[in-house]
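Undergrad: my questions are about this predicted structure, shown below with the sequence.
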Amino acid sequence: MDETEPVVRTAGGQVRGRMVADVAIFRGIPFARPPVGGLRFAAPRPAEPWDGVREATAFGPPPPQSGSMLTPPPPSSASGADPDDWLTVNVFSPGLGAAGLPVMVWIYGGAYRSGTASNPGYDGTLLARQNVVVVTFNYRVGVEGYAYLPGVPANRGLLDQVAALHWVRENIAAFGGDPDRVTVFGESAGAGAIAALLVMPVAAGLFRRAIAQSVPGTFFSPALAADVTAAIAAAAGLPATAEAFAAADPARLATASDAVRPADHAARWGRVAHTDTPFSPVVDGEVLPAAPWRALAMGTGRSIDLVTGHNRDEFRLFTEVAGTRRQITAEAASRALQGLAPGHDGEDGETAYRQAYPDADLKTLFELVNSDWLFRMPSLHLAQAHAAAGGRTFLYELSYPASVAGLGACHAIDVPLLFGVYAGLGQLFFGPEPPASAVRLGDLMRSHWAAFAADGDPGWPQYSPGHRMTRIFADPPDVAPYPERTSLHLWDQHRFGVLDLTADPDPDMTPRSDPQKGPDRADIRAGRLRA
């Protein structure tokens, strides 16, 4: 075998990768058939096998997605590649053959509406040098992955992730990985997906450990998800049916979803109107039987080791990049506090926040309640539910601030630190040259994540309700009781669950699920995703 162009045999056929220094890299390997034509909006089906040796040196094309996100456009795929071959995996291995290394599978974020494994910020080379096999992959986002339509499975993005994990279990040993030591890790929407995977029956047994970075608290009811889909259909000028959507160009549907502003639907969508995304996993009773916090508290996922946590100043990314942080009015702050904050000790949510944070100005209150509702408290409550049921749980907070003034320890700052890629998103946070302290902290995070993948111990004490010990990623790093105690107490009695319509849905706009329609629902209930 040419050591500079290693060849590995997978279940689908042989693939040829490239050596980059001491890491073997394989890109664009199909794990499922292109979800187009008769497979549009269907559960994923296994990839067709191929003859000969397939070149695996270029990323597969990204799935259709929003054009409104911060991430840069993905690099183009290989010349001659199938433009519909969205569902592909990439492997970064420091040791091919029978090395039996721990495996880390990355699930990207992007508000459930965008994302691709070809993003340069997700280069797994440095992490693989921690003696782990790193896997990244594409999954369907936006309308293709999460629009709720009658007669087809919900949560197709989650089902794609399950199919990719099946591929890992079947093939990763040939790349030097141990299929019994798989850790899923992801950030933002990727962390929300991991929270869902923890409690999904069809994902049981496919991974041993999980790292959920900045878990969003948004999980939709079928009625809410159907109302969102109806709004997208109206923007596209289509009926809200699987047949009409399947006949439409994916770009048309992505553009229509971008035109739907949740804030315009505040009377019906409630708290979702405070976000910029109309997509989230749907608690449909089949693919996803319950919201993660409730299911974890009842013992589901207890055998899976969990690291979870958040960044200190999560929501500041959105206000600072949009240039709105300094323009937050008293009315906007009050509206956010009234719409998001839970009541406490008989007080309404706004009063409770103002009394708990008496020195906070308007923009700080606005940022705090949005950060708490959307990321900080869902992540904390995930740890609490998992630990309360007897799971091995580890909590962290990242408080290291960006070099760029005003951003603080904002949402997504953990991604360039973890992967050690300081271009693109990393440059947004750290400028053209990251400080040495940021590089050191990123190195520490990588070592903790790899250690956890190897044996379930990231290097700091387990979280327990009595002590709440937390890894603080700062300069210098520390271990201390959970630092956001004020917000912890404000949200102590709140229960994250399923977001529903705040008004009765229009029956003419709400798709009704027919469990007998379409070939996929019986497969989902039986766990047969690989027909």
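TA: Sure, I can see it. Small disclaimer: the values here were computed from a predicted structure and weren't measured.
Undergrad: for this structure, what are the low-confidence residue spans?
TA: The model of the chain has pLDDT under 70 over residues 1-2, 68-81, 504-531.
Undergrad: tell me the helices and strands packed up against the longest strand seen in it.
TA: Looking across the chain with DSSP state E, the single longest strand is strand 175-187. If contacts are counted by 3 or more CB pairs under 8 Å, 6 or more residues apart in numbering; DSSP states H and E, strand 175-187 sits against strand 88-93, strand 97-107, strand 133-137, helix 156-171, helix 189-197, strand 209-213, helix 436-455. (C-beta placed from N, C-alpha, C; glycine too.)
Undergrad: between that strand and strand 209-213, how many degrees?
TA: Put simply, strand 175-187 runs at 40 degrees to strand 209-213, going by axes from the mean of the first three to the mean of the last three CA atoms, to 10 degrees.
Undergrad: and strand 175-187, what's buried?
TA: Within strand 175-187, the residues that qualify as buried are 175-179, 181-187, counting by 16 or more other CB atoms under 10 Å.
Undergrad: now tell me what touches stretch 450-463 from outside.
TA: 102-104, 127, 130-132, 181, 183, 208-209, 211, 305, 307, 383-384, 387, 392-396, 447-449, 467, 469-471, 479 (CB atoms under 8 Å, 6 or more residues apart in numbering).
Undergrad: drop anything exposed from these.
TA: Buried subset of those (neighbour count, 16+ other CB under 10 Å): 102-104, 127, 130, 132, 181, 183, 208-209, 211, 305, 307, 383-384, 387, 392-396, 448-449, 469-471.
Undergrad: so Leu306, which state does it fall into?
TA: At Leu306, secondary structure determined by DSSP: H, G, I helix; E, B strand; the rest coil is strand.
Undergrad: looks to me like Arg113 is in a strand.
TA: No - judged by three-state DSSP, Arg113 forms no part of a strand; its state is coil.
Undergrad: wait, it sits on Pro64?
TA: No - taking contacts as CB atoms under 8 Å, Arg113 lies outside contact range of Pro64: 10.3 Å.
Undergrad: more neighbours: which of the two?
TA: The neighbour comparison of Arg113 against Pro64 (other CB atoms under 10 Å) goes to Arg113, with 24 against 21.
Undergrad: what's the separation between that one and Arg33?
TA: Arg113 sits 23 Å away from Arg33, going by CB to CB, to the nearest Å.
Undergrad: quick one: the residue nearest the centre of the chain from Met469, how far?
TA: Note on the chain: the residue nearest the mean C-alpha position is Gly190, at 0.9 Å, using CA atoms, centre = their mean. Noted for Gly190: a distance of 25 Å to Met469, by CB to CB.
Undergrad: can you check Pro401 too?
TA: Here Pro401 is placed at a distance of 23 Å from Met469 (CB to CB).
Undergrad: again with Arg268
TA: Distance of Arg268 to Met469, given as CB to CB: 42 Å.
Undergrad: ok, Gly142 next?
TA: Gly142 sits at a distance of 39 Å from Met469 (criterion: CB to CB).
Undergrad: likewise for Phe452?
TA: As for Phe452, its distance to Met469 is 15 Å (criterion: CB to CB).
Undergrad: what sits against Pro477?
TA: Going by CB under 8 Å, 6+ apart, Pro477 touches 441, 444, 471.
Undergrad: now render the residues you listed as a markdown table, adding distance to Leu407.
TA: Converted to a markdown table, the contacts of Pro477 look like this (distance: CB to CB, whole Å):
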| residue | distance to Leu407 |
| --- | --- |
| Leu441 | 15 |
| Leu444 | 21 |
| Arg471 | 21 |
